[in-house]
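Trainee: give me a model of this one.
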Amino acid sequence: PFTITTSNGNPGTLGASGGGVRADYIGGEIYTKTRDEWFNPLAFARPADGTLGNVGKNTIRGPATNQWDISVYKTTRISERVNLQFRAESFNTFNHTQFAAFNTAISVPNPGTPVTQATRGQAGVVTDTRDPRNIQLALKLLF
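Mentor: This next block holds a predicted model:
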């Protein structure tokens with residue numbers, strides 16, 4: 001879960017517990033779920049000075065994970081007390097691109113004004129992905 005915040009809000013004497021001033025939701029579709037725009041920043045506004053915004057904490061859900069890890073091994077007996085094990089392990093086997101984080105801060109110059117195309121900046125843009133496919137091979141001598 002993520003919280004939409006404003007990077008230049010002024011909470012006044014209210015304080016800003018939990019990561020800064022939250023944005024105001026002004027209506028409209030929230031999710032777009034693309035790499036360039038995970039959420040629609042145009043549905044939010046900078047709250048008036050002295051307020052914390054009407055968006056609750058952790059109201060936006062981030063991308064889900066779709067990761068398959070596979071492990072196979074073969075143990076071969078060399079003698080009565082010695083075995084050799086070959087292991088092949090693959091993490092994120094199908095190499096799905098998985099978004100990990102996105103920019104949740106809106107920045108609007110004037111209090112009480114909504115985000116526009118000109119002021120949206122990088123809000124909603126995916127900033128990180130999880131690891132790609134990783135394969136490892138190993139030999140293990142058991143005695």
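Trainee: CA atoms for contacts and neighbours, from now on please.
Mentor: Noted.
Trainee: and the end-to-end length of stretch 53-67?
Mentor: Across its full length, stretch 53-67 reaches 36 Å between end residues, using CA to CA, to the nearest Å.
Trainee: buried ones in it?
Mentor: With burial defined by 16 or more other CA atoms under 10 Å, the residues of stretch 53-67 counted as buried are Gly53, Val55, Gly56, Ile60, Gly62, Gln67.
Trainee: could you do stretch 83-91 as well?
Mentor: Burial within stretch 83-91, assessed by neighbour count using 16+ other CA under 10 Å, is assigned to Leu84, Ser90, Phe91.
Trainee: contacting residues for the last one?
Mentor: Which is Phe91. With contacts defined as CA atoms under 8 Å, 6 or more residues apart in numbering, the neighbours of Phe91 are Gln67, Trp68, Asp69, Ile70, Arg133, Asn134, Ile135.
Trainee: from these, which is closest to Ala123?
Mentor: Within the set of the contacts of Phe91, Gln67 lies nearest Ala123; the separation is 26.6 Å, counting by CA to CA.
Trainee: pLDDT wise, what is the spatially closest residue to Gly20 that is not a sequence neighbour at?
Mentor: On the basis of CA to CA, 6 or more residues apart in numbering, the spatially nearest residue to Gly20 that is not a chain neighbour turns out to be Thr5, at 6.5 Å. According to the per-residue confidence, Thr5 scores 88 in pLDDT.
Trainee: how about low-confidence regions in this protein?
Mentor: Flagging of the chain using pLDDT under 70 yields the residue ranges 9-19.
Trainee: if you set the cut-off to 90 instead, what comes out?
Mentor: 1, 3, 5-23, 27-28, 31-37, 46-66, 96-102, 105-122, 124, 126 (pLDDT under 90).
Trainee: okay, which residue is most central for it?
Mentor: Geometric centre of the chain, nearest residue: Ala101, 2.5 Å, by CA atoms, centre = their mean.
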